[in-house]
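Q: No sequence on hand, only this structure:
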Ligand SMILES: Nc1ncnc2c1ncn2[C@@H]1O[C@H](COP(=O)(O)OP(=O)(O)OP(=O)(O)O)[C@@H](O)[C@H]1O
């Protein structure tokens with residue numbers, strides 16, 4: 001499975017560290033992401049994915065370590081790097097009082113693209129992402145999925161070499177997710193690099209050809225998807241790698257059991273309160 005000459009790295013991360021107060025969020029993380037690959041970053045909650053992506057894209061300064069994007073240092077050569085990357089961060093803050101179309105036009109101009117080219121690309125992206133009907137609506141009035149799509153359009157407008165996406169499918173309905181997948185697949189097929197974080201292993205397996213598993217601020221596995229998962233599913237391998245916590249059978253023993261004397265000393269068996277709650281929840 002090992003290639004004799006490794007492909008050039010689009011993103012090369014070396015010994016990256018980040019501490020928040022007493023908590024080490026990223027602990028000496030080293031990662032090489034091959035150019036032209038579709039990379040999935042997976043890891044449990046709090047593993048350090050967002051912190052890593054933020055440092056890799058110049059949004060958060062590392063305590064230590066380097067990140068190179070196509071050979072340019074993110075922190076010592078930020079202008080060169082930012083011209084080559086697109087970012088869809090988690091919880092992206094946008095100019096809410098602009099319409100979707102205006103947001104793209106503003107982004108395109110900031111990127112130094114000629115006006116006519118910005119307009120052409122913006123209309124195409126709005127069309128492909130099924131946002132033409134909402135193009136003149138304020139971003140403030142966009143739904144979660146629409147926000148992800150307009151954020152993706154803004155990240156792609158200048159045709160970056162590397163696209164970083166933090167949880168691009170979170171809160172997105174299946175129709176919009178399919179649209180986003182189509183755009184990403186088309187972008188990657190043209191030879192660009194996509195790096196995205198996700199908790200959805202099935203999605204990573206469908207889209208990605210390269211995977212990095214992050215746990216406790218470090219990379220615990222990385223490589224081509226087939227090499228990382230072997231004959232098994234990524235889900236199974238992931239759970240094994242990060243270690244599933246065993247339930248000792250003691251915790252939550254009260255949950256679902258009849259309450260005795262907890263409320264005004266009155267028993268609350270399944271035929272009284274529990275049943276009412278179920279009916280209430282069904283409405
Ligand atoms: N600004 C911050 N201040 C303090 N702690 C932070 C900050 N940002 C992240 N952390 C902590 O750093 C650790 C890594 O967080 P991070 O958001 O990078 O994880 P993640 O892998 O993206 O998690 P998730 O999958 O839940 O989004 C967590 O313990 C988190 O609480």
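A: Received, thanks. Because the structure is a prediction, the values reported are computed rather than measured.
Q: Over to the residue in the stretch 51-200 of the chain positioned nearest to the ligand. Which of the three states is it?
A: The ligand sits closest to residue 51 of the stretch 51-200 of the chain, with a gap of 3.4 Å, by CB to the nearest ligand atom. C-beta coordinates here come from the backbone N, C-alpha and C atoms, glycine included. Following DSSP: H, G, I helix; E, B strand; the rest coil, we place residue 51 in the helix state.
Q: For it, list the residues it contacts.
A: Shown in contact with residue 51 (CB atoms under 8 Å, 6 or more residues apart in numbering): 18, 25, 26, 60, 217.
Q: can we see that at 6 Å?
A: By CB atoms under 6 Å, 6 or more residues apart in numbering, residue 51 lies in contact with 18, 25, 26.
Q: Now it. Nearest residue, chain neighbours left out?
A: Here the nearest residue to residue 51 in space, its sequence neighbours aside, is residue 25; by CB to CB, 6 or more residues apart in numbering that works out to 4.5 Å.
Q: Mind pulling the model confidence for residue 5?
A: Reported pLDDT at residue 5 in the predicted model: 65.
Q: do the same with the one 5 residues further on
A: pLDDT, the model's per-residue confidence, is 95 for residue 10.
Q: That one sits in which helix or strand?
A: strand 9-20 (DSSP states H and E).
Q: now do residue 238
A: helix 234-242.
Q: touching the ligand at all, that helix?
A: No: with CB under 6 Å from any ligand atom as the criterion, the ligand is not reached by helix 234-242; the gap is at least 11.0 Å.
Q: Just the buried positions in that helix, please.
A: Of all the residues in helix 234-242, those buried under the rule 16 or more other CB atoms under 10 Å are 234, 237, 238, 241, 242.
Q: Could you point out which of those is nearest to the ligand?
A: Closest to the ligand out of the buried residues of helix 234-242 is residue 242 (11.0 Å), distances taken as CB to the nearest ligand atom.
Q: and the stretch 1-150 of the chain, which residues reach the ligand?
A: Checking the stretch 1-150 of the chain against the ligand by CB under 6 Å from any ligand atom, the hits are 20, 23, 25, 43, 45, 46, 47, 48, 49, 50, 51.
Q: filter these to the buried ones?
A: 25, 43, 47, 48, 49, 50, 51.
Q: Quick check: next helix or strand after the strand holding residue 10?
A: Following strand 9-20 in sequence order, the next helix or strand is strand 23-34 (DSSP H and E).
Q: and that following strand, how far out from the chain's middle?
A: In terms of CA atoms, centre = their mean, to the nearest Å, the centre of strand 23-34 is set 16 Å apart from its chain centre.
Q: now it against strand 9-20, angle please.
A: 180 degrees (axes from the mean of the first three to the mean of the last three CA atoms, to 10 degrees).
Q: and the helix or strand following strand 23-34, which strands flank it?
A: Per DSSP H and E, the first helix or strand lying C-terminal to strand 23-34 is strand 38-42. Strand 38-42 has these partner strands in its sheet, going by DSSP bridges: strand 193-197 (parallel), strand 210-215 (parallel).
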